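*Asks:* Here is my input, please return the structure:
(2 chains)
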Amino acid sequence: GAVVSQHPSWVICKSGTSVKIECRSLDFQATTMFWYRQFPKQSLMLMATSNEGSKATYEQGVEKDKFLINHASLTLSTLTVTSAHPEDSSFYICSARAIEGFDTFGSGTRLTVV
Amino acid sequence: AQSVTQLGSHVSVSEGALVLLRCNYSSSVPPYLFWYVQYPNQGLQLLLKYTTGATLVKGINGFEAEFKKSETSFHLTKPSAHMSDAAEYFCAVTRGGSNYKLTFGKGTLLTVNP
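*Replies:* Numbering: from 1, shown residues only, chains lettered A, B, ... in the order given. Take a look at the predicted model:
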């Protein structure tokens, strides 16, 4: 079946530094990838949609300059949290979709900013 | 616009008992409906989905759900709970199409008591 690898699983960084999270579709080509944020004991909040070779489409209220998304190939999308602050601490999850397919989710990344 | 309401943020059952997790949706067009399961610090795993056709949908791990248009519901059931079913469950809706976005409910935490 479809597999999406997300790394790292967890990361701790200092306030003011940047962190990159990778999302790879291992056995299929993902024309669209999605990035979500999940707060403790809450649902998933869609941050942005990225299509290969295009600029990401951000949801209302999500800072484009804070959360940089790159979808350079059909199997890789990255989310970079720039100048991270403690309020950016969260669980980030990606999903990948093939043409005429349904979404496969990564295992998530726990980001803690200290 | 679409929305999902999951009734009951926490459901507790005994091992071997019936599991019933409720989901009601709102959609102006025929919906696609999904149930996902999330284990702690993990991504989401698809349990089952309804797109078109048979309204009773069977999924993995013995779960099933029935799409009832008249009730705008898509409740998830399992005849006999197992300890390994303890997790967070999310219902999601979308309108379909090539670039659809999933709208998630707030989730229901299922605990299974021995």
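
*Asks:* Tell me which residues touch residue 12, please.
*Replies:* If you meant another chain, say so; for now it's chain A. A:T112, A:V113, A:V114 (CB atoms under 8 Å, 6 or more residues apart in numbering or on different chains). For every residue, glycine as well, the C-beta is placed using N, CA and C.

*Asks:* looking at chain B here, not the other one
*Replies:* B:S12 sits next to B:L110, B:T111, B:V112, B:N113 when contact means CB under 8 Å, 6+ apart.

*Asks:* Quick one: name the residues of chain A near chain B.
*Replies:* Residues of chain A that fall close to chain B, judged by CB under 8 Å from any CB of the partner chain: A:4, A:6, A:9-10, A:32, A:34, A:41-44, A:46, A:49, A:51, A:91, A:93, A:95, A:99, A:102-108, A:110.

*Asks:* how about 6 Å then?
*Replies:* By CB under 6 Å from any CB of the partner chain, the residues of chain A that approach chain B are A:S43, A:L44, A:I93, A:F105, A:G106, A:S107, A:G108.

*Asks:* Now name the helix or strand holding the closest residue in space to the second one that isn't next to it in sequence.
*Replies:* With CB to CB, 6 or more residues apart in numbering or on different chains as the criterion, A:L44 has its nearest non-adjacent residue at 4.2 Å, and that residue is A:Y36. Under the criterion of DSSP states H and E, A:Y36 resides in strand A:32-38.

*Asks:* for stretch A:50-65, what is the average pLDDT?
*Replies:* Mean pLDDT, stretch A:50-65: 91.

*Asks:* Distance-wise, check the residue of chain A found nearest chain B relative to A:V4.
*Replies:* Relative to chain B, the nearest point of chain A is A:F105 (3.8 Å; CB to the nearest CB). According to CB to CB, to the nearest Å, A:F105 stands 6 Å off from A:V4.

*Asks:* Then A:E63?
*Replies:* Separation of A:E63 from A:V4 (CB to CB) stands at 25 Å.

*Asks:* and what of B:Q38?
*Replies:* Using CB to CB, we find B:Q38 at a distance of 14 Å from A:V4.

*Asks:* out of the two, which sits in the busier spot?
*Replies:* Taking neighbours as other CB atoms under 10 Å in any protein chain shown, B:Q38 and A:V4 compare with A:V4 leading, 25 against 21.

*Asks:* hey, what's that one bridged with?
*Replies:* Each beta-bridge partner of A:V4 is listed here, defined by DSSP bridges: A:S25.

*Asks:* Now do the strands in chain A.
*Replies:* A:4-7, A:10-13, A:19-25, A:32-38, A:44-51, A:57-58, A:67-73, A:76-81, A:90-97, A:104-105, A:109-113 (DSSP state E).
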